[in-house]
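Chemist: build me a model from this:
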Amino acid sequence: MKQVLITGANKSIGLETARQLAQQGYFVYLGCRDLAKGQQAVAQLAEAGLGHVEAIQLDVCDKASIQAAEQTIRAKTNVLNVLINNAGVRGEMPQNALTTGTAQLREVFDTNFFGTIDVTQAFLDLLGQAPVPVIVNITSGLASLTLQSDPTWVYAPYKLAAYGPSKTALNAYTVFLAYELRAKGFKVNAVDPGQTATDFTGHQGGAVTDAARFVAQHATFGADGPTGKYFSRDAPAGETESPW
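Modeler: This next block holds a predicted model:
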């Protein structure tokens, strides 16, 4: 049975992705900052007949928590097939470039960028034991410099000076990580599930099930799958990849 760890997995897209991968036969570890909420999510999935799910306490901003999570999972399995770096924060609003302070920027970057790096590096050894290790970094269209520079883009007015750059940095890290791991067979991609109706967006956007399906699709690549790419459910019409 393949093993997958999803951070920030006790609700919204993370939880629905867990549900869909469990339905496909994966054993899913729900990485949750609040373990009690994670256990509630496990109970919810169990009611749907999905038993191969376990909550793991994991705060991506706490290295000790990350290390403890790695040790907990290592005690249960010697391989991790998929890591989905889903945990993320929008940050307080408004986020104007002229007024957003560096403290606010650091808070958002700690979760969306530095936390992802710490989690990824902690689990590289377990991932490296898989025949085709997969890393999915959840990003956003707001990270695209190309799209943000296009005044006709539908989301061009959304200039979040902390959140957007944190995901732009994550995209860059994804490129470098994919390059360094290419010889080891890793599939490392940035995946944008698109604007989705969750607490994060004020419940504006598409269905959570559709967003999670897009994430799950890119989490199940085989040996012939792409790496170092940026995929978005909101990609320009006719395009399979989104511009960086």
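
Chemist: tell me which element the residue nearest to Lys63 when sequence neighbours are not counted falls in.
Modeler: In space, and not counting its chain neighbours, Lys63 is closest to Asp118: 5.8 Å by CB to CB, 6 or more residues apart in numbering. (Each C-beta comes from the backbone N, C-alpha and C, glycine too.) Per DSSP states H and E, Asp118 falls inside helix 116-127.

Chemist: mind listing what's buried in that helix?
Modeler: Buried residues in helix 116-127, counted by 16 or more other CB atoms under 10 Å: 116-120, 122-124, 126-127.

Chemist: can you pull the contacts of the most centrally placed residue in the chain?
Modeler: Geometric centre of the chain, nearest residue: Asn86, 2.5 Å, by CA atoms, centre = their mean. Asn86 is in contact with 6-9, 13-14, 17, 136, 138, 215, counting by CB atoms under 8 Å, 6 or more residues apart in numbering.

Chemist: now, among these, which is nearest to Glu107?
Modeler: When these are compared for distance to Glu107 (CB to CB), Gly8 wins out at 15.6 Å.

Chemist: which helix in the protein has the most residues?
Modeler: helix 163-181 (DSSP state H).

Chemist: quick one: average pLDDT of that helix?
Modeler: For helix 163-181, mean pLDDT rounds to 98.

Chemist: and the angle for whatever helix or strand comes next after it with helix 116-127?
Modeler: Remark: after helix 163-181, the chain's next helix or strand is strand 187-192, criterion DSSP H and E. Taking axes from the mean of the first three to the mean of the last three CA atoms, to 10 degrees, strand 187-192 and helix 116-127 form an angle of 140 degrees between their directions.

Chemist: give me the residues contacting strand 187-192.
Modeler: 132-141, 143, 170-171, 174, 177-178, 181, 214-215, 218, 221, 225-234, 242.

Chemist: cool, and stretch 74-85?
Modeler: Applying CB under 8 Å, 6+ apart, the contact partners of stretch 74-85 are 2-7, 14, 17, 21, 26-27, 54, 73, 116, 119-120, 123, 126-127, 129-130, 132-138, 215, 219-220.

Chemist: if you set the cut-off to 6 Å instead, what comes out?
Modeler: 2-7, 116, 123, 126-127, 129-130, 134-137, 219 (CB atoms under 6 Å, 6 or more residues apart in numbering).

Chemist: from those, which land in strands?
Modeler: 3-7, 134-137 (DSSP state E).

Chemist: quick one: which of the residues you listed is the most crowded by neighbours?
Modeler: Among the ones in strands among the contacts of stretch 74-85, Ile6 has the most neighbours (other CB atoms under 10 Å), with 30 neighbours.

Chemist: need the three-state assignment for the nearest residue to that one once chain neighbours are set aside.
Modeler: Spatial nearest neighbour of Ile6, chain neighbours left out: Ile84 (4.4 Å); criterion: CB to CB, 6+ apart. Using DSSP: H, G, I helix; E, B strand; the rest coil, the structure places Ile84 in strand.

Chemist: same check, this time on Gly225
Modeler: coil.

Chemist: since we're on it, how many residues are nearby?
Modeler: Gly225 - counted by other CB under 10 Å - has 13 other residues nearby.

Chemist: that older thread, the residue nearest to Lys63 touches Ile66, doesn't it?
Modeler: Yes - proximity of Asp118 to Ile66 meets the contact threshold set by CB atoms under 6 Å, at 5.4 Å.
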